[in-house]
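# A predicted structure for the sequence below; I have some questions about it.
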Protein chains: 2
Amino acid sequence: MSPKTRNVTQKEIARIAGVSQTTVSMVLNDRDGSNVRIPAATRERVKQAIEQSTYVADPAARRLAGLDNQILGVFTYEPALSPESMDFYGPLLNGIERAAEEVGCDLLFFTSSPVEDGRRTLFHRKTRLRLADGCILLGQDMDGDDLKRLVDERFPFVAVGRRDETTARVPYVGIDYVTLTDGLIRRAVELGHREGVYVHRDGDSPTARDRRGQIVAATESGTLHFTPVAVADDDVSAAVAAVAAGGATVIFAEDTFLAEDVAFALAAAGIDLPRSVSLASLGEVRGHSIGGRVLTGFQTPRQQVAAEALNLLQKLVATPADEWPGLDTQLLLDGTLELGETLVPVGSAS
Amino acid sequence: MSPKTRNVTQKEIARIAGVSQTTVSMVLNDRDGSNVRIPAATRERVKQAIEQSTYVADPAARRLAGLDNQILGVFTYEPALSPESMDFYGPLLNGIERAAEEVGCDLLFFTSSPVEDGRRTLFHRKTRLRLADGCILLGQDMDGDDLKRLVDERFPFVAVGRRDETTARVPYVGIDYVTLTDGLIRRAVELGHREGVYVHRDGDSPTARDRRGQIVAATESGTLHFTPVAVADDDVSAAVAAVAAGGATVIFAEDTFLAEDVAFALAAAGIDLPRSVSLASLGEVRGHSIGGRVLTGFQTPRQQVAAEALNLLQKLVATPADEWPGLDTQLLLDGTLELGETLVPVGSAS
DNA sequence: CTGAAAGCGCTTACAG
DNA sequence: CTGAAAGCGCTTACAG
């Protein structure tokens, strides 16, 4: 630690104002309850002294003494500020920053977390987690053990995105993908589609299950029959083959990157989009288009998700842990459909 | 403060291992100097106990006891994570995140700082600044008083961008705009330009002065004569008028947004770019183009700037303040010219 | 109304 | 080699 000029402490303020350090603390924290009643005169004297000095409370000491810090942690399972991740994290981080500014909190990014198995670990020997009053968790693929431990330790946190851990009830704010997926299926049916291909990554996240659930339901009810195609390593050739095999008039892709890959592969295979086959993404499509056409998919209120997550986190921080069970800690927000231009009526080719 | 389950402390580890709490601290911090020599046996016992527990040192306590925190502050004078600011801050933040990850530091964003006069204030009653070992300052328009106070308090910090405060020697990492500007002027001269217009915002930041200095020098030496045009509120009409008045074959804009505004106004005025007049930006141009043409300007190593800034900050943190004068704390990195397609030989119209 | 004291969890001289 | 003690700056019972 580089030696700095000593900082002003309450003790010095006390000496200047001619009171005890306790009194300074009382004044600073507006402790004016039944047992303590500080006359306006001394209160004023103390305030004067503080005003004249450059006094700033030491956050570490406050924290150690058991107060909160006005610091919220932000943990991402991948680098959050890289150009590639901005597409996903950008709106969330922006929402978090704005909400934090609003409530007067600083944001502690746990960039130091060592990487294991390709993702960062929240708990490690030197984690500064406890310096924060609470923590926001971001990432497609969270660690179940982390979540469990956070719950067990009663550390206030909120996950962005739905989590249905069997081991613990995780507070989250997410998007209602079930309704969105359902809406897009209806839309396809309205347009005459009866046979589709569902291209997905074969992941097992809650949001992946949400989408798949509706796809399966539509298939089983006979509303719209989907042939599922799992894709690995961005190799979407199987999906193209499934389309070429005939029958399908529409492709649903699990997310927008996948949709773009599919579109590219279709073009390479000489299959015309959307004349020969329609395409829709079950993810956020803003800013994405296919050959100049607005991609059909969802619009998701990510900034709002972030704001609500911070909101909920604040509530958890302010509530004693034993009262948490009474709180509504799982929140899904509605998105909207982007009808777009890549999902068109069957037979548009004619 | 919501009551949590109590966290494991050194005292408990000590009890388990059957040693004193001091010894636990020693083992944890590898204090094995001349006065302390802990036998491998007890050391092992302590490590076992730690391993079995979920012990994590309380960062607030460490900090209060005078150690460093592995937390670096990030202060931006405007919101850093908004879509608009990403163009500028994005590469810097990315560089900072990567560097922080490398050195094992967390990043504390001072989002809580209240806004005064349209910009955030670093020092306020509840600043958590001191929780960080040091701080990176970002922003076009920093507050001179903030800088002075940081220097006076000997708080380790590094500004991104050159700062020449008269009141204090500010550590910084920036880009060498003098050489870049000079290079672009030479280039214009090579292409036959003798008469230009310099569109600027009339600001007084160091980098603004750097650019203007070269413009003025070229004008005075007669190499390339510039007519300066100050622009307010993005109203570049005066610049267009200056061009229309004749004589000038090239426009230099202080930054890329300005260049884009000028290009737009020229097009509206029916002045053909670059056939009638050339255009160059004295700023980063990556990702910007004018009517499909690569804009002439600079490429600046912003990620590297960020990395070097963090580097320097680490050095400051690790060095006692009284030895800072011996350090090289002002660093300018080289950018490269983007020759682009909007600065063309005089008389290309023919 | 106000201050002396204990305590938060840690580190570091200082004695054994 | 190891532990008891002081101290970091703050808050909060607890006595006056």
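Received, thanks.

# where does residue A:332 fall, phi/psi-wise?
The phi/psi pair for residue A:332 (degrees, to the nearest 10) reads phi -120, psi 130.

# buried sites along stretch A:248-260?
By 16 or more other C-beta atoms under 10 Å in any protein chain shown, the buried positions in stretch A:248-260 come out as A:248-260. In this view, the C-beta of every residue, glycine as well, is placed from N, C-alpha and C.

# Verify the stated contact: residue A:91 with residue A:302.
Yes: judged on C-beta atoms under 8 Å, residue A:91 makes contact with residue A:302 at a distance of 3.9 Å.

# what's the farthest-apart pair in the buried residues of stretch A:248-260?
A:249 and A:257 (22.8 Å; C-beta to C-beta).

# What score does whatever residue of chain A ends up closest to DNA strand C have for pLDDT?
Nearest residue of chain A to DNA strand C, counting by C-beta to the nearest atom of the strand: residue A:37, 2.5 Å away. As summarised for this prediction, residue A:37 has a pLDDT of 72.

# and if you look at residue A:6?
We have a pLDDT of 69 for residue A:6.

# Tell me how many other residues surround the residue of chain A closest to DNA strand C.
For residue A:37, the number of neighbouring residues by other C-beta atoms under 10 Å in any protein chain shown comes to 8.

# check which helix or strand covers it.
Under DSSP states H and E, no helix or strand contains residue A:37.

# separation between it and residue B:341?
The gap separating residue A:37 from residue B:341 is 75 Å, by C-beta to C-beta, to the nearest Å.

# Just give the number of residues close to the residue lying closest to residue A:182 once chain neighbours are set aside.
Among residues not flanking residue A:182 along the chain, residue A:214 sits closest, at 5.2 Å (C-beta to C-beta, 6 or more residues apart in numbering or on different chains). Taking other C-beta under 10 Å as the criterion, the count of residues near residue A:214 is 23.

# who are the neighbours in contact with residue A:127?
Residue A:127 sits next to A:110, A:113, B:56 when contact means C-beta atoms under 8 Å, 6 or more residues apart in numbering or on different chains.

# Can I take it that it is in a helix?
No: assigned with DSSP: H, G, I helix; E, B strand; the rest coil, residue A:127 falls outside any helix and is coil.

# got the phi/psi numbers for it?
Torsion angles, degrees, to the nearest 10, at residue A:127: phi -60, psi 140.

# Could you give the bridge partners of the residue nearest in space to the middle of chain A?
Centroid-nearest residue in chain A, with C-alpha atoms, centre = their mean: residue A:160, separated by 3.0 Å. When bridges are called by DSSP bridges, residue A:160 pairs up with residue A:173.

# Skipping adjacent residues, who's closest to residue A:53 in space?
Residue A:53 sits nearest to residue A:8 (C-beta to C-beta, 6+ apart), 4.9 Å away.

# what about the one you found, how many residues close to it?
Taking other C-beta under 10 Å as the neighbour definition, residue A:8 ends up with a count of 16.

# do residue A:50 as well
Neighbourhood size, residue A:50 [other C-beta under 10 Å]: 20.

# repeat for the one 4 residues further on
Residue neighbour count, defined by other C-beta under 10 Å, stands at 12 for residue A:54.

# Now it, what are its backbone angles?
phi -110, psi 30.

# Run a quick check on it versus residue A:9, I expect a contact.
No: using C-beta under 8 Å, residue A:54 makes no contact with residue A:9, being 11.4 Å away.

# what about residue A:69, helix or strand, and which?
Going by DSSP H and E, residue A:69 is not in any helix or strand.

# before we move on, what about residue A:311?
For residue A:311, the host element (DSSP H and E) is helix A:302-318.

# Packing partners of that helix?
Packing partners of helix A:302-318 (3 or more C-beta pairs under 8 Å, 6 or more residues apart in numbering or on different chains; DSSP states H and E): helix A:83-103, strand A:134-138, strand A:157-160, strand A:172-175, strand A:330-333.

# With just CA atoms, put it into CSV.
The C-alpha trace of helix A:302-318 is given here as CSV (Å, rounded to 0.1, in the frame of the first residue of the first chain):
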residue,chain,number,x,y,z
ARG,A,302,-33.6,-5.5,-21.8
GLN,A,303,-33.0,-2.2,-20.3
GLN,A,304,-36.2,-2.6,-18.4
VAL,A,305,-35.1,-6.1,-17.3
ALA,A,306,-31.9,-4.6,-15.9
ALA,A,307,-33.7,-1.8,-14.1
GLU,A,308,-36.2,-4.2,-12.5
ALA,A,309,-33.3,-6.5,-11.5
LEU,A,310,-31.6,-3.6,-9.7
ASN,A,311,-34.9,-2.7,-8.2
LEU,A,312,-35.5,-6.1,-6.8
LEU,A,313,-31.9,-6.3,-5.6
GLN,A,314,-32.3,-3.1,-3.7
LYS,A,315,-35.4,-4.5,-2.1
LEU,A,316,-33.6,-7.7,-1.0
VAL,A,317,-30.8,-5.6,0.4
ALA,A,318,-33.2,-3.5,2.4
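
# so what's the nearest residue to residue A:144 once chain neighbours are set aside up against?
Nearest residue to residue A:144, sequence neighbours excluded (C-beta to C-beta, 6+ apart): residue A:165, at 5.7 Å. Residue A:165 makes contacts with A:144, A:147-148, as judged by C-beta under 8 Å, 6+ apart.

# quick revisit: may I see the contacts of residue A:127 arranged in JSON lines, with distance to residue B:314 as well?
Output for the contacts of residue A:127, formatted as JSON lines (distance: C-beta to C-beta, whole Å):
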{"residue": "A:110", "distance to residue B:314": "18"}
{"residue": "A:113", "distance to residue B:314": "18"}
{"residue": "B:56", "distance to residue B:314": "23"}
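
# so which one among these has the lowest pLDDT?
Within those, pLDDT is lowest for residue A:113, at 86.

# Show me what the residue nearest to that residue when sequence neighbours are not counted is bridged to.
Once flanking residues are discounted, residue A:113 sits nearest to residue A:120: 4.0 Å by C-beta to C-beta, 6+ apart. With DSSP bridges as the criterion, residue A:120 is bridged to residue A:115.

# which regions of chain A lie under the pLDDT threshold?
For chain A, the stretches with pLDDT under 70 are A:1-6, A:32-36, A:348-350.

# Up against DNA strand D, what does it have?
Counting by C-beta under 7 Å from any atom of the strand, chain A comes close to DNA strand D at A:6-7, A:9-11, A:21-22, A:25-26, A:28-29, A:31, A:35-36, A:55, A:57-58, A:61-62, A:64-67.
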